[in-house]
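In: Below is the sequence, then the predicted model.
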Amino acid sequence: MNNKPVNRNYFIVSAYNDDTNKDGYINPKDLRRIYLFNISGEKQKALIPENYSVFKSEYDSENDLMYVFAQLDTNENGSRDEGEPIHIFWIDLKEPYKTGRQY
């Protein structure tokens, strides 16, 4: 990251993994989620609540944090809709079990 070698003992994966809008397909019309996996590939936890759809992230190299931008599915229809609130979450990349909502 930022042209420096990084060694971590985990993976962070963002994926469309469920037919959240119930249209019969798993695609970008569904909620995009972000998960923590251990080095063996076993899912550990969702890093952002699953009723959000992740759409962007930014790396803060000074603090080794990742900021994740996600939209809350307030109408619970399983997809991102214009006007639904956007929140920013942080993930401590030194200890990825530490997460929280920034805004």
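Out: Thanks, I have it. Residues are numbered from 1 along each chain as shown.
In: Now the residue nearest the centre of the chain: which helix or strand?
Out: The centre of the chain sits closest to Ile34, judged by Cα atoms, centre = their mean, with a distance of 3.1 Å. Per DSSP states H and E, Ile34 falls inside strand 33-38.
In: Name the strands paired with that strand and say parallel or antiparallel.
Out: According to DSSP bridges, strand 33-38 forms sheet pairs with strand 10-15 (antiparallel), strand 43-46 (antiparallel).
In: Which residues does it contact?
Out: Contact partners of strand 33-38, identified using Cβ atoms under 8 Å, 6 or more residues apart in numbering, comprise 9-18, 43-48, 50, 52-54, 68, 96-97. (Each C-beta comes from the backbone N, C-alpha and C, glycine too.)
In: Drop anything exposed from the residues you listed.
Out: 12, 16, 47-48, 52-54, 68, 96 (16 or more other Cβ atoms under 10 Å).
In: can you list these in JSON lines and add pLDDT, secondary structure and distance to Asp30?
Out: Converted to JSON lines, the buried ones among the contacts of strand 33-38 look like this (pLDDT from 0 to 100; DSSP: H, G, I helix; E, B strand; the rest coil; distance: Cβ to Cβ, whole Å):
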{"residue": "Ile12", "pLDDT": "96", "secondary structure": "strand", "distance to Asp30": "19"}
{"residue": "Tyr16", "pLDDT": "97", "secondary structure": "coil", "distance to Asp30": "5"}
{"residue": "Leu47", "pLDDT": "97", "secondary structure": "coil", "distance to Asp30": "18"}
{"residue": "Ile48", "pLDDT": "96", "secondary structure": "coil", "distance to Asp30": "15"}
{"residue": "Tyr52", "pLDDT": "98", "secondary structure": "strand", "distance to Asp30": "12"}
{"residue": "Ser53", "pLDDT": "98", "secondary structure": "strand", "distance to Asp30": "8"}
{"residue": "Val54", "pLDDT": "98", "secondary structure": "strand", "distance to Asp30": "12"}
{"residue": "Val68", "pLDDT": "98", "secondary structure": "strand", "distance to Asp30": "17"}
{"residue": "Pro96", "pLDDT": "95", "secondary structure": "coil", "distance to Asp30": "24"}
